[in-house]
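**Q** Sequence isn't available, so here's the structure alone:
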């Protein structure tokens, strides 16, 4: 006998706007067990009523102190054992970027990682967030927990993960220091689940809305599902859903199976 989990992660670029574009209908049709969204752009008291009343799902949200900014949410068919709404570091938690869910089979972290494009200060903040998160994850891994990490990482790891790597080497999202952190993270015992199944280029999860880039598939793979090494054998699929519209990002998925 086995337990199967079908997870999806999506930067919706505004939850209210996504709902108007059919976000809830899509998710209910697909019957996902776990739905993680990033960049909800809604404070807890201004979340759409529909998002808090999806039939058959528990829901948990964390929002930024700044109105209309950042924020993540997780919808679950199975009630979790534990929920945490931050890493316990004030300078990061105030931006509403981290939501942790504990199940018997795994611990899930839904994260909207910072964007470093605005300034050198924001780039330094992004790298500091990366490092703090890795310390947090490593501490859980040292306890023997099985980790699933998803969200918008805001970095394309390798040349294969964006359409024009040479043109973007000096742009945040593909800087050497950002890519080096990704190397360090994976070397610490984490797996990029999409690359477990697909080594081809042309697979992206974000496209600029300014240049009709999506029509031409000129994109970046910024959205990921990672797992700790001790979940390798439980990973059954890790699709990208580029056909799903409604945001400048598309959803990414993960299928897990556990023997019971």
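**A** That came through fine. Bear in mind that the values here come from a model prediction, so they are computed numbers and not experimental data.
**Q** Going by C-alpha atoms from here, please, whenever you check contacts or count neighbours.
**A** Noted.
**Q** the strands in this structure, which residues?
**A** Ranges of strands within the chain are 2-11, 34-38, 58-62, 72-76, 82-84, 98-102, 107-112, 147-152, 190-192, 206-207, 219-220, 223-228, 235-237, 252-259, based on DSSP state E.
**Q** Just give the number of residues close to residue 218.
**A** A count of nearby residues for residue 218, using other CA atoms under 10 Å, gives 18.
**Q** Distance of the nearest residue to it once chain neighbours are set aside relative to residue 117?
**A** In space, and not counting its chain neighbours, residue 218 is closest to residue 163: 5.3 Å by CA to CA, 6 or more residues apart in numbering. Residue 163 is 18 Å from residue 117, where distance means CA to CA, to the nearest Å.
**Q** quick one, which of these two is more surrounded?
**A** Taking other CA under 10 Å, residue 163 and residue 117 do not tie; residue 163 has more neighbours (19 against 14).
**Q** Provide a list of residues in contact with that one.
**A** By CA atoms under 8 Å, 6 or more residues apart in numbering, residue 163 lies in contact with 202, 217-220.
**Q** Could you report the pLDDT at the closest residue in space to residue 117 that isn't next to it in sequence?
**A** Leaving aside its sequence neighbours, residue 117 sits nearest to residue 172 (CA to CA, 6+ apart; 5.2 Å). In this prediction, residue 172 carries a pLDDT score of 97.
**Q** Pretty sure residue 123 is one of the things residue 172 touches, is it not?
**A** Yes: shown here, residue 172 and residue 123 form a contact pair, counting by CA atoms under 8 Å, at 7.4 Å.
**Q** hey, what's in contact with both of these two?
**A** Listed as contacting both residue 172 and residue 123 by CA under 8 Å, 6+ apart are 115-117.
**Q** just to revisit the earlier point, and residue 172 and residue 123? Which one has more around it.
**A** residue 172 (23 against 20).
**Q** and the gap between the more buried one and residue 250?
**A** Distance, residue 172 to residue 250, by CA to CA: 20 Å.
**Q** what's the answer for residue 178, then?
**A** Separation of residue 178 from residue 250 (CA to CA): 22 Å.
**Q** ditto for residue 125
**A** Residue 125 sits at a distance of 25 Å from residue 250 (criterion: CA to CA).
**Q** tally of neighbours for residue 94?
**A** Counted with other CA under 10 Å, residue 94 comes out at 17.
**Q** Once you drop chain neighbours, what's closest to residue 152?
**A** Leaving aside its sequence neighbours, residue 152 sits nearest to residue 223 (CA to CA, 6+ apart; 4.4 Å).
**Q** Which pLDDT value goes with the one you found?
**A** So residue 223 comes in at 99 (pLDDT).
**Q** my read: it touches residue 154, true?
**A** Yes: Residue 223 is within contact range of residue 154, at 7.3 Å (criterion: CA under 8 Å).
**Q** Neighbour count: these two, which is higher?
**A** Neighbours per residue, other CA under 10 Å: of residue 223 and residue 154, the larger number sits with residue 223, 27 against 23.
**Q** Report the contact partners of the more buried one.
**A** Counting by CA under 8 Å, 6+ apart, residue 223 has contacts 9-10, 150-154, 205-206, 251-252.
**Q** again, only this time at 10 Å
**A** With contacts defined as CA atoms under 10 Å, 6 or more residues apart in numbering, the neighbours of residue 223 are 9-11, 112-113, 150-156, 204-206, 240, 249-253.
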